[in-house]
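>>> Let me see the structure of the following:
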Amino acid sequence: MSTTSLSQFLETASVIDTEALLEARAFSEQVLKPTDERMMNERTVMGLIGMQSGETFMQSLEAAPAEMIPARVKAWFKPSEAGIDVATPSAVGLIDAMAGAGAITVDEAGVLKGYAYSTVTPFERITLHDVLLTRDTCPAIAVTQSGGYVVITTTAEIEVHSPRLLALNPRTGVQVRIESFRGVSSAGTYDARVPSEWRNADLFVDDAYGVVGAG
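Residues are numbered from 1 along each chain as shown. Sure thing, here's the model as predicted:
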């Protein structure tokens with residue numbers, strides 16, 4: 001799971017929404033894998049840095065004195081063992097010690113330590129609508145309901161999104177989402193049902209792309 005929320009990312013992104021959208025879609029970060037996916041044993045070492053470097057690593061590990069590498073730690077790297085959690089400080093220290101002793105290179109140590117993490121692109125599928133909602137700057141236009149529904153038309157093809165149907169709460173003066181228009185993309189007509197308790201309220205719909213009109 002991503003450790004950075006869209007709200008956090010946008011705090012330092014471009015103030016121009018369309019540029020911030022591109023930045024967000026390109027953003028990637030390293031996140032810690034689940035424990036069972038970051039366990040490392042001899043086979044894992046060989047697969048990550050190759051047979052030759054892996055053999056050197058394992059031979060150095062076996063030859064290391066007990067005060068440096070305890071026997072139980074050596075056992076964790078055997079093919080028959082579940083392995084060692086490479087994200088723990090002890091595992092990181094072990095790998096760094098092997099690099100310091102020349103058993104592996106610094107780059108190879110980085111590959112081994114990096115096994116604990118996955119690269120994710122959490123915002124690659126977001127829309128401009130998402131950016132505007134997160135920044136609380138999404139424009140909205142007034143609409144009216146008829147027969148318990150609001151009908152809108154869109155005048156151009158846009159990225160798929162779900163504009164909110166909003167109602168003005170007369171007690172608080174705040175617009176609240178009461179429904180959404182699902183999967184709006186192609187130019188055309190869309191409808192959304194208005195909950196009965198909001199049918200006398202002032203209604204609005206998100207217009208992130210400037211293409212929405214009342215049906």
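
>>> What about residue 45, how many residues nearby?
27 (other Cβ atoms under 10 Å). C-beta here means a position set from N, CA and C on the backbone, and glycine is covered the same way.

>>> ditto for residue 57
By other Cβ under 10 Å, the burial measure for residue 57, its neighbour count, is 24.

>>> now do residue 91
Applying other Cβ under 10 Å, we find 22 residues neighbouring residue 91.

>>> swap in the one 10 residues further on?
By the criterion of other Cβ under 10 Å, residue 101 has 13 neighbours.

>>> Contacts only, for it.
60, 64 (Cβ atoms under 8 Å, 6 or more residues apart in numbering).

>>> can we see that at 7 Å?
Residues in contact with residue 101 (Cβ atoms under 7 Å, 6 or more residues apart in numbering) are residue 60.

>>> what's the distance between the spatially most central residue of the chain and residue 129?
Residue closest to the mean C-alpha point of the chain, counted by Cα atoms, centre = their mean, is residue 122 at 2.4 Å. Distance, residue 122 to residue 129, by Cβ to Cβ, to the nearest Å: 17 Å.

>>> mind listing the strands for the protein?
29-32, 39-40, 84-85, 117-120, 140-143, 149-154, 164-168, 175-180, 188-193, 203-206, 212-214 (DSSP state E).

>>> ok, residue 50 to residue 165 distance?
As for residue 50, its distance to residue 165 is 58 Å (criterion: Cβ to Cβ).

>>> Likewise for residue 9?
With Cβ to Cβ as the criterion, residue 9 and residue 165 are 27 Å apart.

>>> One more: residue 133?
14 Å.

>>> Between these two, which is the more surrounded one?
residue 165 (26 against 19).
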